[in-house]
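Enquirer: Attaching a predicted model along with its sequence, questions to come.
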Amino acid sequence: MNINGINSSATGSAFTAISSAYITATPANTQTANSESADSKDTQDTVSISNAGRAALSNDFGAPLREKALAKKNETEVTTTEEEPLTLIDEQIKKIKEQIKELQEMLAKLKGDDSEAADQQSKMIQEQIMLLSGQIATLLDKKMQDSKKSD
């Protein structure tokens, strides 16, 4: 059996709506000598899905999928809130990362500007990013030393 009309051409033309798909029976490859050639003709049936059928299909299959996705999302939120509280070093690292992100956004805005003032400002922003990155490296090193002392 062959379902025609669903993704009938994978070369880039638009997909066919499933409501306009049709099913054809393909003849068996092994035919006996007594079979008639009339039996090998393909028959074609057209199937359409009503709007009520589509709604029922959406409710039957879509709702459980949405519930699963929502449950998975809630599960990940619960696990992130149950993590150990942030230490002072972790909070500082988080703040510095946010500052770096803001500076990178400012730098991206200046990228299209070819003026000298924009060039100087982008150099200053890059220096700030480098300084903040160095602070993160120092904090991470201190965090590792603290974890070694506690072990």
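Expert: Here it is on my side, so go on. Numbers count the residues shown, from 1 in each chain.

Enquirer: Buried residues of the longest helix anywhere in the chain, list them for me.
Expert: Counting residues, the longest helix found in the chain (DSSP state H) is helix 116-150. For helix 116-150, the neighbour count (16 or more other C-beta atoms under 10 Å) marks 122, 125, 129, 132, 139, 143 as buried. (Each C-beta comes from the backbone N, C-alpha and C, glycine too.)

Enquirer: Could you dump the residues you listed into CSV with distance to Asp114 added?
Expert: Formatted as CSV, the buried residues of helix 116-150 follow (distance: C-beta to C-beta, whole Å):
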residue, distance to Asp114
Ser122, 11
Ile125, 16
Ile129, 21
Leu132, 26
Leu139, 36
Lys143, 41
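
Enquirer: and Asp114, backbone torsions?
Expert: phi -100, psi 10 (degrees, to the nearest 10).

Enquirer: What's the local residue count around it?
Expert: Other residues near Asp114 come to 8 when the count uses other C-beta atoms under 10 Å.

Enquirer: Report the contact partners of it.
Expert: By C-beta atoms under 8 Å, 6 or more residues apart in numbering, Asp114 lies in contact with nothing.

Enquirer: and it, how far is that from Ser122?
Expert: 11 Å (C-beta to C-beta, to the nearest Å).

Enquirer: ditto for Arg66
Expert: 45 Å.

Enquirer: before we move on, the earlier item: okay if I get the buried residues of helix 116-150 as JSON lines plus pLDDT?
Expert: Listed next are the buried residues of helix 116-150 as JSON lines, based on pLDDT from 0 to 100:
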{"residue": "Ser122", "pLDDT": "90"}
{"residue": "Ile125", "pLDDT": "92"}
{"residue": "Ile129", "pLDDT": "93"}
{"residue": "Leu132", "pLDDT": "94"}
{"residue": "Leu139", "pLDDT": "93"}
{"residue": "Lys143", "pLDDT": "90"}
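
Enquirer: where exactly do the helices run in the chain?
Expert: 51-57, 63-81, 88-110, 116-150.
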